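**Student:** Take this sequence and fold it.
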Amino acid sequence: MKPDRFFRRWQRRKTRLLAESQALIRQCRAGGDAEQVHQLRVVLRRLRLFVRLGRPLLDPAAVSAFRRWARGISKALSSVRDLDVALEWLTAVPGVDAALVAACLQRRERCWRTARDKLSPLPVGVLAALSEVRGGQKHATALAERAERVEAKLRATVKAALPHFLRLPPEEQHTFRRTVRWWRYRRELALPRRKLTKDRLLTLLTAVQEATGNEQNRALAVHALSETKSPAAAPLLAVLERETTARRAAITAALRSLAQSQGGRVCPPKSVRQASAPQE
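**Tutor:** Next up, the predicted model:
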């Protein structure tokens, strides 16, 4: 893609994300339902990548202020989002104990009251500074080259971790998923909207992000249920534990498809390798 075309797409989408973030802040403060919270966090993640890519073209003070603001909003909403994920799973279970759902809803309401007070819009001066970008062919070329370097780094990081993902501790698996998500967002920026659903690499990255995200959501549901200290949680925790095998199979399939596209492979976890080894 020509640098000037890439620059225009980056600027256009960044402008839209900035507007969406401020609208969602207002909507969240007024309502704060699960979908609004989720969409705000998604928009902030995407916007952070756009600012990261364009950092050399933007006012340094505005970039620093934006990063502090975005991290603060995301951190404030983290516990709320975790409970929303758990509640989504709980309410889909037939015959779930109403008291259990009520306990989770009460915790969610407490977290939301704390978070809502921290949902301040981006200062007008920072918003204006992020909208002002150094233009010209020189800066367009610099942006395109930086974007290529960022994608190459993300690709290398994912490719190095792919073979061993199933052996990584949860914290490192979460870091891997976050890197895949950054790569997905960077890939989306390289494509016109009409090609987003047809690009094979984007499809593979999305599949990995969703498969690993579903497992993370399962873990969040387990944590939320465990925190209730309710006897009614025991059978639900058992259901979640039984889902582990299916979740892992979906993750493995998605990882293998991505690894094959990058000329790599995925190693099974040690327990599987040991179980399948021939006995002497």
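**Student:** May I have stretch 32-52 as CSV, with CA atoms only?
**Tutor:** C-alpha atoms of stretch 32-52 as CSV (Å, rounded to 0.1, in the frame of the first residue of the first chain):
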residue,chain,number,x,y,z
GLY,A,32,-23.0,1.3,32.2
ASP,A,33,-24.5,-1.8,30.8
ALA,A,34,-22.3,-4.8,29.8
GLU,A,35,-22.2,-4.0,26.1
GLN,A,36,-21.3,-0.4,26.6
VAL,A,37,-18.4,-1.4,29.0
HIS,A,38,-17.2,-4.0,26.5
GLN,A,39,-17.3,-1.6,23.5
LEU,A,40,-15.5,1.2,25.4
ARG,A,41,-12.7,-1.2,26.3
VAL,A,42,-12.4,-2.5,22.7
VAL,A,43,-12.3,1.0,21.3
LEU,A,44,-9.6,2.1,23.7
ARG,A,45,-7.5,-0.9,22.8
ARG,A,46,-7.7,-0.1,19.1
LEU,A,47,-7.1,3.5,19.7
ARG,A,48,-4.0,2.7,21.8
LEU,A,49,-2.5,0.9,18.8
PHE,A,50,-3.3,3.8,16.4
VAL,A,51,-1.6,6.3,18.8
ARG,A,52,1.4,3.9,19.2
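**Student:** in the chain, what spans have low per-residue confidence?
**Tutor:** Within the chain, the ranges that satisfy pLDDT under 70 run 269-280.
**Student:** quick one, longest helix in it?
**Tutor:** If you go by DSSP state H, the chain has its longest helix at helix 60-91.
**Student:** angle of the following helix or strand past it against helix 60-91?
**Tutor:** Later in the chain than helix 60-91, the nearest helix or strand by DSSP states H and E is helix 98-116. Put simply, helix 98-116 runs at 170 degrees to helix 60-91, going by axes from the mean of the first three to the mean of the last three C-alpha atoms, to 10 degrees.
**Student:** So which bits of the longest helix of the chain are buried?
**Tutor:** 62-63, 65-66, 69-70, 73, 76-77, 79-87, 89-90 (16 or more other C-beta atoms under 10 Å). All C-beta spots, glycine's among them, are computed from the backbone N, C-alpha and C.
**Student:** now do stretch 237-256
**Tutor:** Here stretch 237-256 shows Leu240, Glu243, Arg247, Arg248, Ala250, Ile251, Thr252, Ala254, Leu255 as buried, counting by 16+ other C-beta under 10 Å.
**Student:** In CSV, list the C-alpha atoms belonging to that stretch.
**Tutor:** Presented in CSV, the C-alpha positions along stretch 237-256 are these (Å, rounded to 0.1, in the frame of the first residue of the first chain):
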residue,chain,number,x,y,z
LEU,A,237,-17.8,-25.1,38.8
ALA,A,238,-17.8,-28.8,37.9
VAL,A,239,-19.5,-27.8,34.6
LEU,A,240,-16.8,-25.3,33.9
GLU,A,241,-14.1,-27.8,34.6
ARG,A,242,-15.7,-30.2,32.1
GLU,A,243,-15.6,-27.5,29.5
THR,A,244,-11.8,-27.4,29.7
THR,A,245,-11.2,-30.2,27.3
ALA,A,246,-13.4,-28.7,24.6
ARG,A,247,-11.8,-25.3,25.1
ARG,A,248,-8.3,-26.7,24.7
ALA,A,249,-9.2,-28.6,21.6
ALA,A,250,-10.5,-25.4,20.0
ILE,A,251,-7.4,-23.5,21.0
THR,A,252,-5.1,-26.2,19.6
ALA,A,253,-6.9,-26.2,16.3
ALA,A,254,-6.8,-22.4,16.0
LEU,A,255,-3.1,-22.3,17.0
ARG,A,256,-2.2,-25.1,14.5
